[in-house]
Each structure stands twice: as C-alpha cells, then as structure tokens.
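Peer 1: Fold the following, please.
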Amino acid sequence: MSVPDFHALAERLRAADTTFVIEPYLRFEGQPGEQWTMFLRDPSGNALEFKAFADSSQIFAA
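Peer 2: Prediction:
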C-alpha cells in the first residue's frame, strides 16, 4: 500500500466511525523500515494491521 493510499484508507475508516486499536501513526521515523501503521478489528474481532512504507525496499529492513 502506498503512503497516500494508507492515509486515504485511514480517513475513510475515521469517516465510518471505526474504532482503532492503535490509531494511525508513523513508526521508526527516520530509521530503516520507516512505516505508517494502524490496527483495528474486523467484525469477527480479529486484529488487523495496515501499514505503508515510503520505500518498499525497506519492508524487511532491520
């Protein structure tokens, strides 16, 4: 998912009054693996994580 798509999804979820387990935020800022992430629950109660990397080559960076 691209960063703009991540933010668009977050806004759609907010508009739908979604309750986040963890609000969308920037994780590892300025470090390898920098990512936007958010957590919410599906209708069955399963935790879902959505994330976006500005640089997809950093997905498995440590």
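
Peer 1: where along this protein do the helices fall?
Peer 2: Shown for the chain, the helices assigned by DSSP state H span residues 3-15.

Peer 1: Distance of Phe60 relative to Gly33?
Peer 2: For Phe60, the distance to Gly33 equals 8 Å [C-beta to C-beta, to the nearest Å]. All C-beta atoms are positioned from the backbone trio N, CA, C, and that covers glycine.

Peer 1: Between those two, which has more neighbouring residues?
Peer 2: Comparing Phe60 with Gly33 by other C-beta atoms under 10 Å, the one with more neighbours is Gly33, at 13 against 7.

Peer 1: And Gln31, its phi and psi?
Peer 2: When read as degrees, to the nearest 10, the backbone of Gln31 gives phi -120, psi 160.

Peer 1: Any idea how many residues pack against it?
Peer 2: By other C-beta under 10 Å, the residues close to Gln31 number 11.

Peer 1: ok, now how distant is it from Met38?
Peer 2: 19 Å.

Peer 1: buried stuff in stretch 34-47?
Peer 2: Gln35, Trp36, Thr37, Met38, Leu40 (16 or more other C-beta atoms under 10 Å).
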